[in-house]
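Q: Here is the input, now give the coordinates:
(one chain, ligands or ions: 2)
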Amino acid sequence: MLILGIETSCDESGVALLEVKGDKFRVLSNLVASQVNIFKKYGGVVPEIAARKHLENLLPLLEQSLSEARIGVEDIDAIGVVYGPGLITSLIVGIETAKTLSLIWQKSLIPVDHMKAHILANLIEGESGILVKIKYPAICLVVSGGHTMLVYMKDENNFKTIGQTRDDAVGEAFDKVAKILGLSYPGGPIISEKAVNADKEFFKLPRPMINSGDFDFSFSGLKTAVKNEWDQEQFKDKENIRKMCSAFQQACIDVLIKKTIAAAKEYKVKSILLGGGVAANKELRKRLAEKINLEFKDVKFFQPELNMTTDNALMVAMAAYFEYKGSPDKFIDTWKTIKVEPNLEI
Ligand code: KG4
Ligand code: ZN
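A: Ligands and ions are numbered 1, 2, ... in the order given. Okay, the predicted model is just below:
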């Protein structure tokens, strides 16, 4: 089975080709055209521009993908495309492209939830394409620019959100704090880089909702606390920027880890997964792994490879595969009904 994945939910245009034979996945191509450099000067994504760039990027990416994979259109069995959540202008470009291809090529069209795709990015091991076997039930901490959630999974087709942010997503907080500190966009990679070996205790920041007793999060107050501290700081030098990055990163990680461990205990899970753009944060990956080792004997920790954490189309093709394999006939006429859902919830 050969699946074409298309991702355009935010500011990365992605096209991937995934071949599945039994338990063996083979990544024939996985291309991303990132718009990050365009949005650095705006300090964030401008939806109109992102949509135009997707339009420019998608068909060349598709051509390159097919030629890299050395396959013809006739070899493709189905197309998976993200229909939400995300920026409406960006999503529309992906959907309209996929709809058109589905109609003219006569291929099934599988609508993919972007957040499920982030979670399922855990199930493929690198370009080698080994299917990762996960024991269920599992819990996934999903942390991205638009979402912060704890998702309970009965298996790879059954998801239930058990907690989420009440205001800003953690990635969004990284991006906003970077702006406050005069750093560039996106904030996550630069803050985590500056935080390396910097004193995390120098600035005292709150851990919002850490003892709330539920699995919800809040990061807007933490961002405001950074702003207040920074406004009062006399020496806005490089060293203090590094200390603030470290203090902020630590505050986020403390809350994320505490809630994830509590959820894993309450739901008696066998596996803990990590997903989303913020899953690229090395300190989070390391500290969560250590804490899981410390707290549990039989719970296994999975995290996607680094190139599978931020937006890409391979995770979309993966998610499409899991939807498609159960009921392939369901998706023959989807091109007639598929709709963009910018606020889609798991
Ligand atoms: O999943 P993603 O690529 O797009 C969305 O679906 O939102 O996530 C992007 C987010 C951005 O907010 C970015 O700052 C954050 O992921 N991010 C990081 C790191 N790398 C990317 N946050 C913390 N540490 C990182 N190393
Ligand atoms: Zn994403």
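Q: and the spatially closest residue to residue 289 that is not a sequence neighbour, what is it in contact with?
A: Counting by Cβ to Cβ, 6 or more residues apart in numbering, residue 289 lies nearest to residue 301, which is 5.4 Å off, once chain neighbours are set aside. The C-beta positions use only the backbone N, C-alpha and C, and glycine is treated the same way. Contacts here follow Cβ atoms under 8 Å, 6 or more residues apart in numbering; on that basis residue 301 touches 271, 272, 273, 274, 288, 289, 292, 293.
Q: Out of these, which comes closest to ligand 2?
A: Relative to ligand 2, the closest of those is residue 274; by Cβ to the ion it sits at 13.2 Å.
Q: And the helix or strand harbouring residue 61, what's buried?
A: Secondary-structure assignment from DSSP states H and E places residue 61 in helix 47-69. For helix 47-69, a neighbour-count test (16 or more other Cβ atoms under 10 Å) marks 49-51, 53-55, 57-58, 61-62, 65-66, 69 as buried.
Q: Neighbouring strands of the helix or strand harbouring the residue nearest to residue 289 in the sheet, and parallel or not?
A: Residue 301 belongs to strand 300-302 when elements are defined using DSSP H and E. The strands that strand 300-302 pairs with in its sheet are strand 271-275 (parallel) (by DSSP bridges).
Q: send the alpha carbons of the strand it pairs with over as CSV?
A: Included here for strand 271-275 are C-alpha records, laid out as CSV according to Å, rounded to 0.1, in the frame of the first residue of the first chain:
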residue,chain,number,x,y,z
SER,A,271,3.3,3.4,27.6
ILE,A,272,3.9,7.2,27.7
LEU,A,273,4.3,9.0,24.4
LEU,A,274,5.5,12.5,23.5
GLY,A,275,4.5,14.5,20.4
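Q: Please report the distance of residue 263 from ligand 1.
A: From residue 263 over to ligand 1 the distance is 20 Å, taken as Cβ to the nearest ligand atom, to the nearest Å.
Q: May I have the secondary structure class of that residue?
A: Assigned state for residue 263: helix (three-state reduction, DSSP: H, G, I helix; E, B strand; the rest coil).
Q: That one reaches residue 162, doesn't it?
A: Yes: counting by Cβ atoms under 8 Å, residue 263 touches residue 162, with 6.2 Å between them.
Q: Pull up the overlap in contacts between those two.
A: 139, 150, 152, 215.
Q: What does residue 185 show for phi and psi?
A: phi -100, psi 140 (degrees, to the nearest 10).
Q: Provide a list of residues in contact with it.
A: Contact analysis of residue 185 by Cβ under 8 Å, 6+ apart lists 36, 39, 40, 42, 43, 44, 175, 178, 179.
Q: now residue 259: how far from ligand 2?
A: Computed as Cβ to the ion, to the nearest Å, the residue 259 to ligand 2 distance reads 20 Å.
Q: how many other residues sit next to that residue?
A: Burial measure for residue 259: 22 neighbouring residues, criterion other Cβ atoms under 10 Å.
Q: how about it, secondary structure?
A: Reduced to three states with three-state DSSP, the structure at residue 259 is helix.
Q: isn't it right up against residue 213?
A: No: with contact defined as Cβ under 8 Å, residue 259 does not reach residue 213; the gap is 10.2 Å.
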